[in-house]
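1. got a sequence here, can you build the structure:
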Amino acid sequence: MIIHWNKDHIKVVPKADGMGSVILYPGYTEIEDANWAKARGRVMDRIEQGDITEEWSKIAPEQKADFAIIKEEGKQYLAPAKLTDINRPRVKLVVEDTFHIGTLNKWLENETRQDVRLSIMKQLAIFDKNNAEEHKMAYASAMDKV
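-> Predicted coordinates:
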């Protein structure tokens with residue numbers, strides 16, 4: 001699930017089963033659905049206050065069993081969104097507000113939209129100090145192909 005934490009510090013959320021924690025970084029972070037399902041109840045007040053925003057995607061009722069966590073809104077079922085579920089132009093804003101390198105690298109592996117991949121590479125070039133030159137070259141090479 002893609003989570004937006006709108007504070008300028010990390011938040012460690014213990015999972016309800018006592019087996020570890022989930023870490024929220026400023027901006028957007030993608031967290032495994034099963035882990036978020038175990039931590040979500042501990043931060044419901046923050047969700048209700050708007051400090052945490054969850055990204056949801058519509059699913060068919062027969063898909064409910066495929067997800068660790070679902071939400072019902074009226075007759076619609078929602079499941080945790082992945083980056084590929086977020087439409088343009090909003091997806092670019094999500095990428096630009098992501099500062100967790102692990103999340104960006106995961107998205108880069110799974111994203112097929114060329115313009116979104118370019119946005120991810122550009123964000124990695126800004127924040128990944130150790131590999132900044134490599135990402136800049138990949139970004140420049142990709143730009144040549146567009």
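2. helices of the chain, start to end?
-> 33-39, 44-49, 90-96, 101-110, 114-127, 132-145 (DSSP state H).
3. for the first one, C-alpha coordinates in CSV please.
-> Right, the one you point to is helix 33-39. The C-alpha trace of helix 33-39 is given here as CSV (Å, rounded to 0.1, in the frame of the first residue of the first chain):
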residue,chain,number,x,y,z
ASP,A,33,-0.1,-4.8,2.5
ALA,A,34,0.1,-7.5,5.1
ASN,A,35,2.5,-5.4,7.3
TRP,A,36,0.2,-2.3,6.9
ALA,A,37,-2.8,-4.4,7.9
LYS,A,38,-1.0,-5.3,11.2
ALA,A,39,0.0,-1.7,11.9
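4. where in the protein is pLDDT low?
-> Filtered on pLDDT under 70, the chain yields the residue ranges 128-139, 142-143, 145-146.
5. still on that earlier bit, for the helices of the chain, which one sits closest to residue 4?
-> helix 90-96 (8.1 Å; C-beta to C-beta). In short, each C-beta sits where N, CA and C put it, glycine included.
6. for that closest one, packing partners?
-> Packing partners of helix 90-96 (3 or more C-beta pairs under 8 Å, 6 or more residues apart in numbering; DSSP states H and E): helix 114-127.
7. just the angle between the helix it packs on and helix 101-110, please?
-> With axes from the mean of the first three to the mean of the last three C-alpha atoms, to 10 degrees defining the directions, helix 114-127 sits at 150 degrees from helix 101-110.
8. buried residues in helix 114-127, which are they?
-> By 16 or more other C-beta atoms under 10 Å, the buried positions in helix 114-127 come out as 116, 117, 118, 119, 120, 121, 122, 123, 124, 125.
9. kindly report the same for stretch 91-101.
-> Across stretch 91-101, burial judged by 16+ other C-beta under 10 Å covers 91, 92, 94, 95, 98, 100, 101.
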